[in-house]
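Novice: need coordinates for the following:
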Amino acid sequence: MDGQTENTKTPTSRERPYYARNIEFYHLASRDADFRVALKAASKDGFIDFQDEGFVLQLTKSLLKADFGLTIEMPSDRLCPPVPVRWNYIRWLQDLIDNSGPWSDTNDISILDVNEPRRRVTGLDIGVGASCIYSLLACASRPNWHMYGTDIDEHSLGFARANVSANGLLHRITLLKTTSSGPLIPLEGLEVSGLDFVMTNPPFYSSSEDMKASYAGKNITPSAVCLGAENEMICPGGDLGFAMRIFGESLQLRERVQWFSVMFGRLKSAETFVTHLKTSAVTNFAASDLQAGFKTKRWVIAWSHQGFRPRNDVSRHGELVRSIMPDVSVQTITLPRQDAKWAGKIVNDIMNGLNLVWQWQPLHHAGAMCCNRDVWSRSARRKRKFDETQSVVNPAGPEASEVALAVIIACKDEAVEVRWLRGRDRLIFESFCGKLKRAMGDRLKVLHEAA
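Specialist: Below is the predicted model of the structure:
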């Protein structure tokens, strides 16, 4: 009997997977006695009544307990959050943070794309609600994460504080009451200089009429009873209006926050927001489809004013429409009939001939590169020769100034992959990939002519 979506690992798993398929309610009932009682009460003639408030609440509580070891209490007049999509949001943020950390401080490929336990990660959830579910999930799954949470509703905050305390997380989750007219990202009020990420699941609707219209003509009713207060469901401009407020604040805070993110309940809102990012010259953004099972579908857009670039499958996560997809961060150079060892030798020779920081790791058949400017184009080479004649010292390493480009070059059989890791200018990344592709092609041509 299917409903929401089921996680396949136990709470002790080091990295929990996304919820990807419908929950098997009878399996959950076998794991949790309270849910077994609620399931029996809500089942009528082989069907489950999703308008049963007690069942919906117990489903959330039982999933949190069985899959994350968390306990919560909820008031009857506030939103009862379904767990799967909420967890998928947190899980995607984990991938995003792991994929865009300050790895280039060491150029150590072995720490790329992994949770670094020594790195303290701090996030903010705007509008925690009575459950405080996002902060609880974040801290329960990552011991090196710390969360701040805000809300304008004191009633919800009272329950949120109790839930944080009941789970022994007062030392890692800090809650703050804010006002509707104040900043959404109150760094000064939180007494912090910056954050690793900001997240929010905003009200989706701009008015009660907008909410009613969203179901008009669809011959459907909500799949579960809605218990939300007005401030949880409605705000000026709906989800898009809320996202635009955060974007405006991001232009002021800029690099003080690495990733800003917003969940959207409507694809049209996500599409409009991505268009706004592009027209505002924000090129570093990521998108995720948070669909869990066959019912609820949500979209998250994250953007950054820093230069760290996530992996392709993270920045373009899930089944996305093209209109919200960011540009790719990987380019592939094909090398027919050549193995990784040959490709690695050629790549290492080419990179050692350039005036940049290069670290080759032969066991991985891969290397890390950093530079603070273009040093491979024809004009760059001419400038370098001129500087040498004038005895000008102009280092290209990242210590000289901000990193303009950092990449990982991975050599495989019949292919070389160039993954963009850091940089603000796509043209520099594409220029470098073009240079490497031409140089590899020249070496391949010489090899064929000699054969």
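
Novice: check contacts around residue 302.
Specialist: 93, 96, 197, 259-262, 285-288 (CB atoms under 8 Å, 6 or more residues apart in numbering). C-beta here means a position set from N, CA and C on the backbone, and glycine is covered the same way.

Novice: apply 10 Å and report the result again.
Specialist: Taking CB atoms under 10 Å, 6 or more residues apart in numbering, we find residue 302 in contact with 92-93, 96, 100, 197-199, 258-262, 284-288, 310, 314-315, 326.

Novice: the helix or strand it falls within pairs with which strands, parallel or anti?
Specialist: According to DSSP states H and E, residue 302 maps onto strand 299-303. Using DSSP bridges, strand 299-303 pairs in its sheet with strand 257-264 (antiparallel), strand 285-289 (antiparallel).

Novice: sorry, back to before: quick one: buried ones out of the contacts of residue 302?
Specialist: Buried by 16 or more other CB atoms under 10 Å: 92-93, 96, 100, 197-199, 258-262, 284-288, 310, 314-315, 326, out of the contacts of residue 302.

Novice: returning to what we had before: next one: the strand holding residue 302 to chain centre, how far?
Specialist: In terms of CA atoms, centre = their mean, to the nearest Å, the centre of strand 299-303 is found 7 Å from the chain centre.

Novice: that older thread, got the strands paired with strand 299-303 as CSV, with mean pLDDT columns?
Specialist: Formatted as CSV, the strands paired with strand 299-303 follow (pLDDT from 0 to 100):
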stretch, mean pLDDT
strand 257-264, 98
strand 285-289, 98
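
Novice: mind listing residues that contact the helix or strand just after the strand holding residue 302?
Specialist: Using DSSP H and E, the helix or strand that follows strand 299-303 in sequence is helix 312-315. If you take CB under 10 Å, 6+ apart as the criterion, helix 312-315 is touched by 92, 94-100, 113, 284-288, 302, 309, 325-330, 419-420.

Novice: can you do 8 Å?
Specialist: The contact list for helix 312-315 (CB under 8 Å, 6+ apart) reads 92, 95-96, 99, 285-287, 309, 326, 328-330, 419.

Novice: and stretch 145-158, by the same measure?
Specialist: Residues contacting stretch 145-158 (CB under 8 Å, 6+ apart): 75, 78, 120-130, 132, 134-135, 138-139, 160, 172-180, 184, 186, 190, 192, 195, 229, 231-232.

Novice: which among the residues you listed count as buried?
Specialist: By 16+ other CB under 10 Å, those give 78, 121-130, 132, 134-135, 138-139, 160, 172-175, 178, 184, 186, 190, 195, 229, 231-232 as buried.

Novice: got the phi and psi for residue 168?
Specialist: Main-chain torsions, residue 168, degrees, to the nearest 10: phi 70, psi 40.

Novice: kindly report the same for the one 5 residues further on.
Specialist: The phi and psi values for residue 173, taken as degrees, to the nearest 10, are phi -130, psi 120.

Novice: list the contacts of it.
Specialist: 132, 135-136, 139, 146-149, 164.

Novice: tell me the bridge partners for it.
Specialist: With DSSP bridges applied, residue 173 shows beta-bridge pairing to residue 147.

Novice: returning to that earlier point: make TSV from the strands paired with strand 299-303 and add distance to residue 448 to it.
Specialist: What follows is these, written out as TSV (distance: least, CB to CB, whole Å):
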stretch	distance to residue 448
strand 257-264	46
strand 285-289	40
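
Novice: between the ones you listed, which gets nearest to residue 32?
Specialist: Of all the strands paired with strand 299-303, it is strand 257-264 that lies closest to residue 32, at 27.3 Å by CB to CB.

Novice: quick one: the closest one to chain centroid distance?
Specialist: For strand 257-264, the separation from the chain centroid amounts to 8 Å (computed by CA atoms, centre = their mean).

Novice: so for the helix or strand just after that strand, what's the average pLDDT?
Specialist: Remark: after strand 257-264, the chain's next helix or strand is helix 267-279, criterion DSSP H and E. In this model, helix 267-279 has an average pLDDT of 97.

Novice: packing partners for helix 267-279?
Specialist: Helix 267-279 sits against helix 238-253, strand 257-264, strand 285-289, strand 299-303, with contacts defined as 3 or more CB pairs under 8 Å, 6 or more residues apart in numbering; DSSP states H and E.

Novice: ok, back up a step: between the strands paired with strand 299-303, which one is nearest to residue 434?
Specialist: Of all the strands paired with strand 299-303, it is strand 285-289 that lies closest to residue 434, at 23.8 Å by CB to CB.

Novice: just the angle between the closest one and helix 267-279, please?
Specialist: 170 degrees (axes from the mean of the first three to the mean of the last three CA atoms, to 10 degrees).

Novice: having no further points to raise, I will conclude here.
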